[in-house]
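**Student:** Okay, sequence plus prediction incoming.
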There are 2 protein chains.
Amino acid sequence: MPQTSNSPSPDLTTVIARNRPRFRTATEFVEAAMREAILGGVLPAGAPLRQEELAAAFGVSRMPVREALRQLEARALVEFHPHRGAVVAAISAADSADIGTIRTALEPTALRLSLPRLTPEDFALAAELLAEMDAEPDPGRMGELNRRFHMTLYARAGRPRLLALVEQHLAAADRYLRFQFVALGYQSRSQDEHYALLAACRAGDVEAACANVVDHVTLAGEQLTAFLDRPD
Amino acid sequence: MPQTSNSPSPDLTTVIARNRPRFRTATEFVEAAMREAILGGVLPAGAPLRQEELAAAFGVSRMPVREALRQLEARALVEFHPHRGAVVAAISAADSADIGTIRTALEPTALRLSLPRLTPEDFALAAELLAEMDAEPDPGRMGELNRRFHMTLYARAGRPRLLALVEQHLAAADRYLRFQFVALGYQSRSQDEHYALLAACRAGDVEAACANVVDHVTLAGEQLTAFLDRPD
DNA sequence: TGCGCGGATATTGGATCCAATCTAACGATC
DNA sequence: GATCGTTAGATTGGATCCAATATCCGCGCA
């Protein structure tokens, strides 16, 4: 398994401070911060999650940590081993392909429902996000912008469960995408695909837009699989 | 919203007794039993989930209950209201359509991957499940058999995440399917579709099988939507 | 020297206890 | 008579405490 990317990962303390005031209950806060930390690579795959340790870092007791871990387990972001503790869920080429398959199934569906209802404001926002991405060097913020771009196009689907699943797997894919920004030329090609996708959406061409999404996800998946499977 | 079906719902005590010895930690046990109770209609939509009460029923303290509730929240089976408690997630025509859309996207994908690898034993098992369904009067067991039939056909897809999602939404659909067994003639038509699906799979006709799945899910969804939207 | 058993230690799982907050009922005031 | 404020009760959220289990190291024995 290749080593994690060269991003300027903020440490756990930074992630904590950023999330602290936004939540009512400690459990929500811990859950959100840990999810961000895992998806952002701050807590790498396989890292053991000692309850006492996390509780101290978050400034809470072990209980909110335990509840948060349970939620993350249900989202497949951490794995529990009874009486042995939890670890950050592993990543693998197979899992990446799994997520890619799910995205390929769900995202065209969401786009099909959403596209006819998208407004000029939505398109403008999407274009703005693409422009930001062109200038963004940090992989962490990049993943966030990428996610928001895609979600903007799907947002009008009016299917809360579907959108939650799509967002969840976009976020899961981000874990893998982080590896990819080091890959030569990936970012610019990905951006080309984004612009093509947006153009097709603006033209109201549902079939072309869906094809673009499928190709975009498939290509990213193939390149990533090749990268993860390469001999180190 | 129509009243729940006329099934011989076992009470909570029965569900508890059935699950008690199968798990190593209390949290796992409570989570499984509560999921079964919610999906099976024992705990109806909107029912308040008092922690103390559930803890007493399960013979444990409040803590495993809380952890289980958090997991079920992440699976969208219960809703948390901070400092006010949790309730069983609501059901609605919109939510049913949401689940139907997800199934329509995921199940053909799973079938496409799985079908080429299905063995004669898999087909035999699927046929056996269909035969059992023909003779099963209880909606609860019926839902379980239905789920196992579908999952048998998808099982060789070799995509754990995808299969988990499919199973989760099959189970979620069961919550709605329960209403449907009262609808005149639904069960026999559904079984016809199941047999047609199995035949297409046995013939190795991927496209026909996928079309069958989509139609099957779509038809069930439409009928159910009509049922839920009807004036009481 | 290698293998297996046993106890010490660390860590999780579960129970109990305390604090914070929401709900509802009662009463006072306009 | 209605509305607002206050207060008591109930229930959740969080912290601490205890028990159960797994890991690891050392010792004994083959």
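**Tutor:** Received the coordinates, thanks. If you're wondering where the values come from, they're calculated on a predicted model, not measured in any experiment.
**Student:** Relative to B:Leu54, how far out is the most centrally placed residue in chain A?
**Tutor:** Centroid-nearest residue in chain A: A:Ala171, 1.6 Å away (criterion: Cα atoms, centre = their mean). Applying Cβ to Cβ, to the nearest Å, the value for A:Ala171 to B:Leu54 is 31 Å. C-beta here means a position set from N, CA and C on the backbone, and glycine is covered the same way.
**Student:** Could you do A:Phe80 as well?
**Tutor:** A:Phe80 is 21 Å from B:Leu54, by Cβ to Cβ.
**Student:** Between the two, tell me which one has more neighbours.
**Tutor:** B:Leu54 (24 against 17; other Cβ atoms under 10 Å in any protein chain shown).
**Student:** Just confirm the more buried one is within a strand.
**Tutor:** No: with DSSP: H, G, I helix; E, B strand; the rest coil as the criterion, B:Leu54 is assigned helix and is not in a strand.
**Student:** contacting residues around it?
**Tutor:** Applying Cβ atoms under 8 Å, 6 or more residues apart in numbering or on different chains to B:Leu54 gives the contacts B:Val30, B:Met34, B:Val65.
**Student:** now with 7 Å?
**Tutor:** B:Val65 (Cβ atoms under 7 Å, 6 or more residues apart in numbering or on different chains).
**Student:** how about the top helix by length along chain A: buried residues?
**Tutor:** Scanning chain A for the helix with the most residues, using DSSP state H, yields helix A:206-229. Across helix A:206-229, burial judged by 16 or more other Cβ atoms under 10 Å in any protein chain shown covers A:206, A:209-210, A:212-214, A:216-217, A:220-221, A:223-225, A:227-228.
**Student:** host element of the residue nearest to the centre of chain A?
**Tutor:** Using DSSP states H and E, A:Ala171 maps to helix A:160-180.
**Student:** Over to A:Leu153?
**Tutor:** helix A:139-154.
**Student:** Where do the domain boundaries of chain A fall?
**Tutor:** Following automatic domain parsing, one finds the domains of chain A at A:12-88, A:93-229.
**Student:** can the longest one be found next to chain B?
**Tutor:** Yes: under the criterion of Cβ under 7 Å from any Cβ of the partner chain, domain A:93-229 makes contact with chain B via A:Asp98, A:Ile99, A:Thr101, A:Ile102, A:Ala105, A:Leu106, A:Thr109, A:Arg159, A:Pro160, A:Arg161, A:Leu162, A:Leu165.
**Student:** Go through those and say which is closest to DNA strand D.
**Tutor:** For these, the closest approach to DNA strand D (Cβ to the nearest atom of the strand) belongs to A:Pro160, at 21.2 Å.
**Student:** dump the residue contacts of that closest one.
**Tutor:** B:Asp98.
**Student:** Let me know the pLDDT of A:Arg161.
**Tutor:** As predicted, A:Arg161 sits at a pLDDT of 96.
**Student:** Which residue does chain A have closest to DNA strand C?
**Tutor:** Closest point on chain A to DNA strand C, by Cβ to the nearest atom of the strand, is A:Gly85, at 3.3 Å.
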